[in-house]
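Undergrad: Quick one: sequence and predicted model below, then my questions.
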Amino acid sequence: MTEGIEEILKLIAPGTPIRNGLENILNAKTGALIAIADNEEVLKLVDRGI
C-alpha cells in the first residue's frame, strides 16, 4: 500500500507537469474535474483541455 502512495506523491511533487497543472488550476480559482486514466472508456468522455 505504501508503494502506491509513494508513486502518487512522485507524480504530484513540485516541478512535475501534474503539480504545475494543479497549481495553475488553484491560481485561476476556476476549479476543475481531473481524471487520470489511460483507457479508451475514460478517454472518450473527457476533453483534453485547452
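TA: Received, thanks.
Undergrad: give the contact list for N24.
TA: Residues near N24 by CB atoms under 8 Å, 6 or more residues apart in numbering: none. Quick note: C-beta positions are derived from backbone N, CA and C, even for glycine.
Undergrad: Determine how far the helix or strand where it lies lies from the middle of the whole chain.
TA: Using DSSP states H and E, N24 sits in helix 17-28. Remark: helix 17-28 is offset 9 Å from the chain centroid, using CA atoms, centre = their mean, to the nearest Å.
Undergrad: now stretch 27-44
TA: 7 Å.
Undergrad: same deal with stretch 13-29?
TA: For stretch 13-29, the distance to the chain centre is 9 Å (CA atoms, centre = their mean).
Undergrad: What average pLDDT does that stretch get?
TA: Averaged across stretch 13-29, pLDDT comes to 93.
Undergrad: Who are the contact partners of A13?
TA: R19 are the contacts of A13 under CB under 8 Å, 6+ apart.
Undergrad: quick one: it and E40, what's the gap?
TA: The gap separating A13 from E40 is 29 Å, by CB to CB, to the nearest Å.
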